[in-house]
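S.K.: Generate coordinates for the sequence data below:
(one chain, ligands or ions: 1)
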Amino acid sequence: MTSWLSRAFSVARFVRSGKAALFSVARFVRSGTAASSARRPSLLSRAGLLGVASLVIAVSSSRAEDTFFAQRVAPIFEEKCVACHGEKKQKGKLRLDSFAQLMRGGEGGGVVKAGAPKASELFIRVTMDPTDEEFMPADSKPPLTPDEVKVLEVWIAAGASETALLSSIKGAPALAAPQGPTVALAPDWHPRALQIAQLEKTLGLRLVPRSHVPTDGLVLRTASSPGRCDDAALAQLASVADLIVEAELARTQITDAGLTAIAAFANLRALDLTRTAVTSAGVGKLVVLKKLESINLTSTAVDDAGVAPLRSVASLKNVWTFDTKVSPPGPR
Ligand code: HEC
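M.R.: Numbering: from 1, shown residues only. So this is what the prediction gives:
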């Protein structure tokens with residue numbers, strides 16, 4: 001689905017936001033992580049030769065931040081759940097702000113069944129149909145990303161341990177390597193959360209946060225009902241146009257007229273127009289998208305003349321033109 005998307009711009013922005021960590025040692029600070037793991041082997045190797053057992057013990061036992069729970073699981077709860085399941089509010093009598101509280105469960109009893117994600121109330125709640133009133137997070141709050149769901153799944157499947165080390169639990173989506181300071185891809189979407197929810201409802205499409213970083217922008221998704229998305233729907237997205245950084249419009253009803261609305265998505269990085277009715281006449285409107293990095297025109301009516309204007313978009317790295325009249329090797 002999204003495999004064509006260049007993820008180059010999506011270097012992980014997993015720098016914790018600087019909020020006080022709710023799990024005392026649960027903070028994942030990129031540079032700190034790199035530095036401490038780089039430091040450790042040298043301490044160990046120095047100590048190892050001399051047989052300074054106490055130092056080795058101190059190093060290996062004091063690293064709660066190296067656990068999978070602290071590094072990967074706790075930050076998800078902190079970001080998406082503790083507003084309703086924490087110190088201030090305990091909806092469903094459930095708190096998710098520490099391992100002990102999590103394991104205590106809520107009014108319906110335990111919410112995590114070690115080894116069995118699909119039998120765990122917590123996992124069921126975050127993976128059920130989002131329109132179900134039991135879906136979590138409640139109240140149309142930003143849902144977990146597929147990666148976050150996967151993290152919970154592998155963690156529960158591996159035994160839902162508090163102490164299992166980060167490296168001991170396999171199958172979790174990788175955190176990309178740290179790559180310099182965080183760059184805002186779009187304005188913070190939070191102030192427009194209500195508007196976003198309303199648009200999703202009336203237009204039957206999804207506007208999904210790219211990550212838990214509020215300035216990472218939104219992904220416009222239509223995959224569950226591409227037939228419902230047309231030029232008129234796109235035109236109604238004007239009030240959130242600057243928040244959309246990826247637009248997955250494959251197989252939608254959009255035409256060249258709809259590209260006018262897309263040309264106003266000023267922060268757009270990736271655009272999928274596979275199997276739409278767009279033509280060479282419309283594609284030129286997209287040259288105003290100065291941040292566009294990828295565009296997929298597979299199985300559309302575009303030809304060489306149509307994609308030629310895209311050469312002026314300096315940021316553009318990938319143009320897919322399979323099954324079109326564009327002559328190989330394509331406009332790179
Ligand atoms: C906006 C508030 C809100 C947010 C955010 C929220 N919840 Fe809830 N949660 C509720 C309410 C209200 C209930 C009680 C009603 C119910 O059980 O559906 C509840 C109940 C639950 C229960 C059932 C507890 C029990 O034993 O009955 C689980 C499990 C749960 N939430 C998990 C989560 C997870 C995981 C997240 C984060 C991904 C989350 N919630 C985020 C409001 C919220």
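S.K.: where do the strands sit along this structure?
M.R.: 206-209, 218-221, 244-248, 270-272, 294-296, 318-320 (DSSP state E).
S.K.: Of those, give the one that comes closest to residue 111.
M.R.: Taking Cβ to Cβ as the criterion, strand 206-209 is the member of these that comes nearest to residue 111, at 23.8 Å. Bear in mind the C-beta positions are built from the backbone N, C-alpha and C, glycine included.
S.K.: so which of the strands of the chain comes closest to the ligand?
M.R.: Each of the strands of the chain has some distance to the ligand by Cβ to the nearest ligand atom; the shortest is strand 206-209, at 12.9 Å.
S.K.: Which strands and helices lie in contact with that closest one?
M.R.: In this structure, strand 206-209 makes packing contacts with helix 193-203, strand 218-221, judged by 3 or more Cβ pairs under 8 Å, 6 or more residues apart in numbering; DSSP states H and E.
S.K.: and the closest residue to residue 185 other than its chain neighbours, how many neighbours?
M.R.: Of all residues not flanking residue 185 in the chain, residue 217 sits nearest, at 4.4 Å (Cβ to Cβ, 6 or more residues apart in numbering). Counted with other Cβ atoms under 10 Å, the burial measure for residue 217 works out to 27 neighbours.
S.K.: ranges for the helices of this protein?
M.R.: Along the chain, counting by DSSP state H, helices occupy 30-50, 53-61, 68, 74-80, 99-104, 121-127, 146-157, 193-203, 231-235, 258-262, 280-283, 304-307.
S.K.: Next, the buried residues of stretch 121-135.
M.R.: Of the residues in stretch 121-135, those scored as buried under the neighbour-count criterion (16 or more other Cβ atoms under 10 Å) are 121-123, 125-127, 135.
S.K.: how far out from the middle of the chain is that stretch?
M.R.: 18 Å (Cα atoms, centre = their mean, to the nearest Å).
S.K.: again, but for stretch 217-229
M.R.: Worked out by Cα atoms, centre = their mean, stretch 217-229 lies 16 Å from the chain centre.
S.K.: can you give me the end-to-end distance of it?
M.R.: The straight-line separation of the ends of stretch 217-229 (Cα to Cα, to the nearest Å) is 20 Å.
S.K.: now swap in stretch 164-183 and tell me
M.R.: The separation between the terminal residues of stretch 164-183, taken as Cα to Cα, is 32 Å.
S.K.: what bridges to the residue of the stretch 51-200 of the chain found nearest the ligand?
M.R.: The nearest approach of the stretch 51-200 of the chain to the ligand comes at residue 106, 2.5 Å away (Cβ to the nearest ligand atom). Taking DSSP bridges, one finds residue 109 as the beta-bridge partners of residue 106.
S.K.: and what of residue 319?
M.R.: Beta-bridge partners of residue 319, counted by DSSP bridges, are residue 295.
S.K.: That one contacts residue 308, doesn't it?
M.R.: No. When contacts are counted by Cβ atoms under 8 Å, residue 319 is not listed as touching residue 308 (11.0 Å).
S.K.: the more surrounded of these two?
M.R.: With neighbours defined as other Cβ under 10 Å, residue 319 and residue 308 compare such that residue 319 has more, 19 against 14.
S.K.: Please list all residues in contact with residue 96.
M.R.: Shown in contact with residue 96 (Cβ atoms under 8 Å, 6 or more residues apart in numbering): 77, 81-82, 85-86, 102.
S.K.: how about 6 Å then?
M.R.: 77, 81-82, 85, 102 (Cβ atoms under 6 Å, 6 or more residues apart in numbering).
S.K.: quick one, phi psi at it?
M.R.: The phi and psi values for residue 96, taken as degrees, to the nearest 10, are phi -120, psi 20.
S.K.: Counting neighbours, which bits of stretch 265-282 end up buried?
M.R.: For stretch 265-282, the buried set under the neighbour-count rule, 16+ other Cβ under 10 Å, comprises 265, 267-278, 280, 282.
S.K.: Revised request: answer the last question for stretch 183-197.
M.R.: Applying 16+ other Cβ under 10 Å to stretch 183-197 flags 185-186, 189, 192-193, 196 as buried.
S.K.: Show me which pair in the residues you listed is furthest apart.
M.R.: In terms of Cβ to Cβ, the buried residues of stretch 183-197 reach their longest pairwise distance at 185 and 193, which sit 17.3 Å apart.
S.K.: Would you confirm that the residue of the stretch 51-200 of the chain closest to the ligand contacts residue 90?
M.R.: No. Between residue 106 and residue 90 there is no contact under Cβ atoms under 6 Å: 8.1 Å.
S.K.: Lowest average confidence across the strands of the chain, which one?
M.R.: Confidence, taken as mean pLDDT, is least for strand 318-320 of those (a mean of 91).
S.K.: Show me what from the chain comes close to the ligand.
M.R.: If contacts are counted using Cβ under 6 Å from any ligand atom, the residues of the chain sitting beside the ligand are 80-81, 83-85, 91-92, 94, 105-108, 111, 121-122, 125-126, 134, 136-139, 141, 144.
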